[in-house]
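Asks: what follows is a protein structure lacking sequence information:
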């Protein structure tokens, strides 16, 4: 199975992110090694990130999560 065939959660897991929060307001992934987080704010449809430098695979995972949430 290729990276693109995974669910967004599994993509983040492959990239060493841990799902640390998933409730009606937020979905939060955290990468302890890189000290990086990505938060999806469900009510405002915003994405908050702790860094502005991402790999292409991280961007693919973010895009897939937005698709799964019905934002695209």
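Replies: Done, it's in. These numbers were taken from a predicted model, which means no experiment stands behind them.
Asks: what about the spatially most central residue of the chain, which helix or strand?
Replies: Most central in the chain under C-alpha atoms, centre = their mean is residue 62, positioned 4.6 Å from the mean C-alpha point. Element membership of residue 62, judged by DSSP states H and E, is helix 56-68.
Asks: what about the helices in this structure?
Replies: Along the chain, the segments classed as helices by DSSP state H run 8-14, 56-68.
Asks: isn't the residue nearest to the centre of the chain up against residue 39?
Replies: No. Judged on C-beta atoms under 8 Å, residue 62 makes no contact with residue 39 at a distance of 10.9 Å. For glycine as for every other residue, the C-beta is placed from the backbone atoms N, C-alpha and C.
Asks: between those two, what contacts are shared?
Replies: By the contact definition C-beta atoms under 8 Å, 6 or more residues apart in numbering, residue 62 and residue 39 are jointly contacted by residue 47.
Asks: ok, and what's touching stretch 31-45?
Replies: 12, 15-18, 20-21, 24-30, 46-51, 58, 62, 65-66, 69, 71.
Asks: now do the end-to-end distance for it.
Replies: Between the opening and closing residues of stretch 31-45 there is a gap of 22 Å (C-alpha to C-alpha, to the nearest Å).
Asks: quick one: distance of stretch 60-72 to the chain centre.
Replies: The offset between the C-alpha centroid of stretch 60-72 and the centroid of the whole chain comes to 8 Å, using C-alpha atoms, centre = their mean, to the nearest Å.
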